[in-house]
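**Student:** Predicted model and sequence follow; I will ask about them next.
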Amino acid sequence: MRLITYDHQGQQKLGAWVNNDKSIIDLYEESKIQFSDYTDNFLSMQHLIDAGSNAWNRAQQLVNSPQLEMLETSTVKILLPLLPVQLRDFLCFEQHLINSFNSAKEIQIAQSKNPKKTRELLKESDLFDIPQVWYDSPVYYNCSRMASCGTGQEISWPKYSKIWDYELEWAAIIGKQGENINKDEAKDYIFGYTIFNDFSARDEQLRVLNAKLGPGKGKDFTYSNVFGPCIVTADEFDNPYNLKMSAKVNGKLWSQGSTSTMYHTFEDIIAYISQSETIYPGEILGSGTVGNGCGLELLKFLKSGDEVELIIERIGSIKNKVVVS
């Protein structure tokens, strides 16, 4: 299923896309006709996820059955599909880390008073080497879940930042509660997948990372976390780790990659974070940026008025314009 949250005549609704995303089934209204005892399961995306597999099966029946009425997508506004219960972003693509370290090194050299000497010192140091812990475990930081938005939302860039960037990511949505989950069982805990744009204030991020605590306000600002346009349920994919990824800025291709290049999979992630910790339905796990999937790696950045579009095969695309706040 391709599940969406949308606004129709001032009401927020849960729907399923059909007819190549041209039409929408109102799952709540259809459930009142076909499953009158279970309508509360279709009040929102979170209600549906919380309700479990029986409700998901009923939703699939609604999608497959003859419909009395459908809405045209062109008549509604597509919203953030799900406000995360919790949001964590990981760093699962090795090439992104290599490229980002190389770019950060070049930026530091360019900003130094003695570039030649700085380059020599950095060459001898291990400051920009990938630490072994990255290979051992899927490292992450906790994001501000309330800074989330959907496709089409204009992003007002924070005044404290001058270096604007996008990040080409995807994300998994947790479908059921669990703790101490084995990797070979972890797939059963994934409800579905979506696109994730982790907008980043690079100058602030690089500044505060010197404290070795986290990206802080380099990542957390209003509407910095974009998800959508839908959640595609896990059963739609024979192999989710073979999807093409791309990013365009003002219609021009900037980035290309594939989900196949993840070093740590979502199954690795779930097994790791559920150690001595309960995970809950509605949590979102970001993949981190695919290799060559952001401006930092390319050493070119966004400016006011730019429209960023992220595209992932079989999921769709999200578009957001960035402007001066």
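**Tutor:** Received, thanks.
**Student:** which stretches of the stretch 201-325 of the chain form helices?
**Tutor:** With helices called from DSSP state H, counting those that start in this stretch, the stretch 201-325 of the chain shows them at 202-208, 266-273, 295-298.
**Student:** per-stretch mean pLDDT over these, give me the minimum one.
**Tutor:** The weakest mean pLDDT among those belongs to helix 202-208, with a mean of 87.
**Student:** Can you pull out the residues in contact with it?
**Tutor:** 104, 107, 158, 160-165, 214-219, 295-296, 301 (CB atoms under 8 Å, 6 or more residues apart in numbering). Every residue, glycine included, has its C-beta placed from N, CA and C.
**Student:** 10 Å instead?
**Tutor:** 100, 103-104, 107-108, 158, 160-165, 200-201, 214-221, 294-296, 301-302 (CB atoms under 10 Å, 6 or more residues apart in numbering).
**Student:** Quick one: the strands in the stretch 51-200 of the chain, in order.
**Tutor:** Secondary structure of the stretch 51-200 of the chain, counting by DSSP state E, counting those that start in this stretch: strands at 71-72, 77-78, 87-90, 140-142, 148-149, 155-157, 164-165, 168-174, 178-179, 190-198, 200-201.
**Student:** Mind putting the ones you listed into CSV with distance to residue 287, mean pLDDT and mean neighbour count?
**Tutor:** As requested, the strands of the stretch 51-200 of the chain are exported to CSV (distance: least, CB to CB, whole Å; pLDDT from 0 to 100; neighbours: other CB atoms under 10 Å):
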stretch, distance to residue 287, mean pLDDT, mean neighbour count
strand 71-72, 31, 95, 13
strand 77-78, 22, 98, 18
strand 87-90, 6, 98, 22
strand 140-142, 10, 96, 16
strand 148-149, 16, 98, 22
strand 155-157, 20, 96, 20
strand 164-165, 17, 96, 23
strand 168-174, 5, 98, 27
strand 178-179, 20, 98, 14
strand 190-198, 7, 98, 26
strand 200-201, 15, 95, 26
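**Student:** circling back to that earlier point, may I see the ChimeraX selection of the buried members of the contacts of helix 202-208?
**Tutor:** In ChimeraX syntax, the buried subset of the contacts of helix 202-208 is picked out as below (16 or more other CB atoms under 10 Å):
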select :100,103,104,107,108,158,161,163,164,165,200,201,215,217,218,219,220,221,294,295,296,301,302
